[in-house]
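Peer 1: When you get a sec, could you give me coordinates for this:
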Amino acid sequence: MTDYGITAYGAYVPRLRLERASIAAAHKWMAPSLRGLGKGERAFCSWDEDAITMAVEAARDALGDKSREGIDALTLASTTLPYADLQNSVIAIGALALGGGVSGTDIAGSQRAGLSGLARALDAAGADQLFLTSDRLRAKPASTLEMAYGAGAAAFRLGSEKVIARKLGGATVAAQFIDHFRSANHAHDYFWEERWVRDEGYAKIVPEAAKAALAKAGISAADLSVMIMASPLKGSAEMIARKIGFGGRIADSLNDQVGYAGTAHPLLMLAGELEQAKAGDRILVLAFGQGAEALVLEVTDAIDDFRPRRGLSGAIADKVSTSDYLRMLSFYDELDAEWGMRSEKSGKAALTTLYREADQLSAFVAGKCRTCETVQFPQLAYCVNPECKAPASQFAPEPLSDQPASVLTFTGDWLSYYPAPPLYVGFVQFDIGARLLMEIVDVGSEGLEVGTPLRMAYRIKEPDKVRGFNRYFWKATPLATGA
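Peer 2: Presented below is the predicted three-dimensional model:
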């Protein structure tokens, strides 16, 4: 039988991190009990990040500079997909320049959709595919979930060559146990009483799935190297470990640095564990949601031959910390601030242009003149080199998304409307010669300098809040030291 399994993995966590103590301090007048939860930081998305942009960034982390040829399917799992009737996974396919022959699938409906989807994808032996999961959870202000939630994405490439982790067994338990829900026309989840969820849900349903998965894998809990249990409820993992007789290491919940990332969380934790795994390790991954999903993986010798571009550890380290709670409320549409008349502009996108220029706009592909080697973006009808002027038919595609770049010039604009002032914009100089006026995002308190190294990030360029459509493009962001 041909070996099949995970051949690459990656992770993404938004750079913005909010001190939980700031949330608790803001609500102490009406919810003083939140103070007890005010430890550590939680990740939160900038205004221009969503489940799609995070999934793309996680996929880039997994793919690195490896060839993307042969990938024939991409699946995106999330409970916070921006579109109800527009295939979200196809947007990711375009951003990753995978080509029009790749099939896209969206999975939603449960916070175990990520793990369930990966388990099903691992059964598709022979397919070279990408599995992405991402969530941008939104919680009502002053709720305990606001303290617990975070954001993030994980990505896995599956195939038959250089498999670093294979599936030993898995099991699903379907149960109409409703710990929380969110209807299609509501912004926030509604959660049931915590003790009921823990004692009747986690304690009874998850162990059933775990034991069934171990039985199918032909191993016992004592044979496991680590157990991963994703949950916003503290102590859940330890309780389940006792229920199944596991006395070994329980994976870090990521609570202090990231927060609970919903559908993405069990696979975000898995990506973190694979960074430190060694050949022979056996990993049990568990997720809860209208039942439970359990997956048993075994790490192979090929684990030593792969490293993600940054990995979860790099994504966690690359952060911009803040105590500004109102910033997060604004980015998550929980604060309707007065932005002035400059904000009263239409964000209507020209869908025809998006289609016609998809290769350039989605995947950030410049043109390189075969005659004089000048690189230009956007691609015009003729080479911009006045001494050349070769026709566009002489251009070769030159992707810019992974090219090294640095700040050539910049300004911080407080006058123009921008959801995260100031608006940093300037000329970005790519090492291959291209020069482009770009938006620069996630600039920390240290600001920018000429020569600051940059990397490209896939983001929302402009949201059309009237019609509910996001126009995506690429922006520059400061490169973390050592990244």
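
Peer 1: Quickly list the domain ranges of the chain.
Peer 2: What automatic domain parsing lists as the domains of the chain is 5-331, 341-364+400-478.

Peer 1: Redo those as TSV? Include mean neighbour count.
Peer 2: Where you see a C-beta, it was placed from the backbone N, CA and C, and this is true even at glycine. Listed next are the domains of the chain as TSV, based on neighbours: other C-beta atoms under 10 Å:
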stretch	mean neighbour count
domain 5-331	20
domain 341-364+400-478	16
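
Peer 1: dump the residue contacts of residue 111.
Peer 2: Counting by C-beta atoms under 8 Å, 6 or more residues apart in numbering, residue 111 makes contact with 79, 135, 262-263, 265, 287-289.

Peer 1: circling back to that earlier point, any idea which of the domains of the chain gets closest to residue 390?
Peer 2: domain 341-364+400-478 (15.6 Å; C-beta to C-beta).

Peer 1: Low-confidence regions, the stretch 251-400 of the chain specifically.
Peer 2: Applying pLDDT under 70 to the stretch 251-400 of the chain flags no residue at all.

Peer 1: Please tell me how far residue 310 sits from residue 468.
Peer 2: Residue 310 sits 32 Å away from residue 468, going by C-beta to C-beta, to the nearest Å.

Peer 1: Please apply the same query to residue 46.
Peer 2: Taking C-beta to C-beta, one finds residue 46 at 19 Å from residue 468.

Peer 1: next one: residue 314
Peer 2: Residue 314 is 34 Å from residue 468, by C-beta to C-beta.

Peer 1: And residue 342, by the same measure?
Peer 2: 22 Å.

Peer 1: low-scoring pLDDT stretches of the stretch 1-150 of the chain, where are they?
Peer 2: Residues of the stretch 1-150 of the chain that meet the cut-off, pLDDT under 70, sit at 1-2.

Peer 1: redo that, cut-off 90
Peer 2: 1-2, 37, 99-100, 124-127 (pLDDT under 90).

Peer 1: all helices of it, in order?
Peer 2: For the stretch 1-150 of the chain, the helices defined by DSSP state H, counting those that start in this stretch occupy 20-26, 51-63, 88-95, 113-121, 144-148.

Peer 1: Which strands or helices does the longest one pack on?
Peer 2: It stands for helix 51-63. For helix 51-63, the packing partners by 3 or more C-beta pairs under 8 Å, 6 or more residues apart in numbering; DSSP states H and E come out as strand 5-12, strand 73-77, helix 88-95, strand 129-136, strand 151-159, strand 453-464.

Peer 1: And the ones you listed: which comes nearest residue 40?
Peer 2: Nearest to residue 40 among the helices and strands packed on helix 51-63 is strand 151-159 (14.7 Å), distances taken as C-beta to C-beta.

Peer 1: Pipe the domains of the chain into JSON lines and attach distance to residue 374 per row.
Peer 2: Formatted as JSON lines, the domains of the chain follow (distance: least, C-beta to C-beta, whole Å):
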{"stretch": "domain 5-331", "distance to residue 374": "22"}
{"stretch": "domain 341-364+400-478", "distance to residue 374": "7"}
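
Peer 1: closest one to residue 375 among the ones you listed?
Peer 2: Using C-beta to C-beta, the nearest of the domains of the chain to residue 375 is domain 341-364+400-478, at 4.1 Å.

Peer 1: now that closest one, how far from the centre of its chain.
Peer 2: Relative to its chain's centre, domain 341-364+400-478 lies at 19 Å (C-alpha atoms, centre = their mean, to the nearest Å).

Peer 1: and the end-to-end length of it?
Peer 2: End-to-end distance of domain 341-364+400-478 (C-alpha to C-alpha, to the nearest Å): 30 Å.

Peer 1: just stretch 72-84 next, same as before
Peer 2: 24 Å.

Peer 1: ok, now stretch 56-74?
Peer 2: 11 Å.

Peer 1: Residue 180 reaches residue 193, doesn't it?
Peer 2: No: judged on C-beta atoms under 8 Å, residue 180 makes no contact with residue 193 at a distance of 10.9 Å.

Peer 1: any idea how far residue 9 is from residue 147?
Peer 2: From residue 9 to residue 147 the distance is 29 Å (C-beta to C-beta).

Peer 1: That should have said residue 21, apologies.
Peer 2: Using C-beta to C-beta, residue 21 is found at 10 Å from residue 147.

Peer 1: now residue 266
Peer 2: 20 Å.

Peer 1: now do residue 75
Peer 2: Separation of residue 75 from residue 147 (C-beta to C-beta): 31 Å.

Peer 1: Grab the CA positions of stretch 365-384 and hand them over as CSV.
Peer 2: Output in CSV follows, covering the C-alpha atoms of stretch 365-384 (Å, rounded to 0.1, in the frame of the first residue of the first chain):
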residue,chain,number,x,y,z
VAL,A,365,2.4,38.5,-10.5
ALA,A,366,4.6,41.2,-12.1
GLY,A,367,6.0,41.0,-15.6
LYS,A,368,9.7,40.6,-16.4
CYS,A,369,10.8,41.9,-19.8
ARG,A,370,12.7,39.1,-21.7
THR,A,371,14.5,41.8,-23.7
CYS,A,372,15.9,44.1,-21.0
GLU,A,373,14.9,42.1,-17.8
THR,A,374,13.0,45.1,-16.3
VAL,A,375,10.4,44.0,-13.7
GLN,A,376,7.1,45.9,-13.7
PHE,A,377,3.8,45.9,-11.8
PRO,A,378,1.2,46.3,-13.0
GLN,A,379,2.0,44.9,-16.4
LEU,A,380,1.4,47.5,-19.1
ALA,A,381,1.1,47.1,-22.9
TYR,A,382,4.8,47.9,-23.3
CYS,A,383,8.0,47.7,-21.2
VAL,A,384,8.4,50.8,-19.0
